[in-house]
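Peer 1: need coordinates for the following:
(one chain, ligands or ions: 1)
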Amino acid sequence: MLNLVLFGPPGAGKGTQADFLIEKFKLIHLSTGDLLRNEIAAKTELGIEAKRLMDKGFLASDSIVISMIKSKLQENFDANGFIFDGFPRTVEQATALDHLLEEKGTPVSGMLCLCVEKEELINRILHRGKTSGRSDDHDVSIIENRIRIYNEKTKPLTEFYAAQNKFYKIDGMGSVEDIANRLIETISSL
Ligand code: ADP
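Peer 2: Residues are numbered from 1 along each chain as shown. Below you'll find the predicted structure:
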């Protein structure tokens with residue numbers, strides 16, 4: 001199985017590249033951001049609680065996202081592999097993912113980290129905000145909070161995966177196609 005962690009700051013292009021990679025490698029796309037937005041749209045209790053945090057640029061709770069991923073892994077037992085997009089975002093989530101995959105007898109194949117300059121991230125998110133309908137994509141101070149939380153809580157995961165020899169840094173600047181080609185080259189070498 002091919003299990004890819006697509007990693008990088010908000011606005012790095014994870015969702016765009018994931019759409020492309022699931023086609024190419026026939027993988028299941030698991031985006032915790034999308035799963036949370038589904039809960040918000042369905043007005044579930046979990047969604048209402050998550051929205052409160054997401055709207056300010058804070059993370060949803062580890063236990064919520066871990067249990068969402070757990071049930072998706074169980075639902076898709078015959079998959080070729082998975083692309084984890086926006087998950088894990090904390091060391092606790094990364095540890096939980098390792099355990100969940102261990103139970104399935106299939107480890108993370110690699111963590112692909114898209115590197116993008118901060119100014120470009122903010123521009124991309126503001127641009128996306130014009131059509132995304134996402135309440136966290138409009139306000140620069142909320143976007144900056146998301147980037148700050150990424151640097152504080154999520155970026156340390158690069159070391160978590162480097163310690164397992166699974167960390168791959170990908171230049172996330174340039175055209176969507178160029179970035180996709182860089183990803184494919186790395187994934188093909190895994
Ligand atoms: P982006 O990568 O552009 O921030 P996402 O859709 O991945 O977009 O995430 C949007 C928001 O959803 C995050 O700011 C956070 O509040 C919440 N979220 C998504 N994934 C997680 C996660 N794994 N853990 C906690 N919160 C999450």
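Peer 1: what about the most centrally placed residue in the chain, distance to Ser109?
Peer 2: In the chain, the residue lying closest to the centroid (CA atoms, centre = their mean) is Gly86, at 1.7 Å. With distances taken as CB to CB, to the nearest Å, Gly86 is found 18 Å from Ser109. Using the backbone N, CA and C atoms, a C-beta is placed for each residue, glycine as well.
Peer 1: same question for Glu177.
Peer 2: 23 Å.
Peer 1: Glu119 now?
Peer 2: As for Glu119, its distance to Ser109 is 32 Å (criterion: CB to CB).
Peer 1: Three-state assignment for the closest residue to Val91 other than its chain neighbours, please.
Peer 2: Distances taken as CB to CB, 6 or more residues apart in numbering put Phe160 closest to Val91, at 6.0 Å, once the chain neighbours are dropped. The three-state assignment at Phe160 reads helix, by DSSP: H, G, I helix; E, B strand; the rest coil.
Peer 1: next: the one 4 residues further on.
Peer 2: Following three-state DSSP, Gln164 is assigned to coil.
Peer 1: what about the closest residue to it other than its chain neighbours, distance to Lys72?
Peer 2: Computed as CB to CB, 6+ apart, the closest residue to Gln164 that is not its neighbour in sequence is Val108, at 7.6 Å. Distance from Val108 to Lys72, counting by CB to CB: 15 Å.
Peer 1: do Phe87 as well
Peer 2: 10 Å.
Peer 1: what's the overlap in contacts for these two?
Peer 2: Contact criterion CB atoms under 8 Å, 6 or more residues apart in numbering; residues shared by Phe87 and Lys72: Leu30.
Peer 1: those two: who's more crowded?
Peer 2: Neighbours were tallied for Phe87 and for Lys72 using other CB atoms under 10 Å; the higher tally belongs to Phe87 (23 against 19).
Peer 1: I figured the more buried one was touching Thr32, is that so?
Peer 2: Yes: between Phe87 and Thr32 there is a contact at 4.2 Å, judged by CB atoms under 8 Å.
Peer 1: where does whichever residue of the chain sits closest to the ligand land on pLDDT?
Peer 2: Across the chain, no residue is closer to the ligand than Gly33, which sits at 1.8 Å (CB to the nearest ligand atom). Among the per-residue scores, Gly33 holds a pLDDT of 97.
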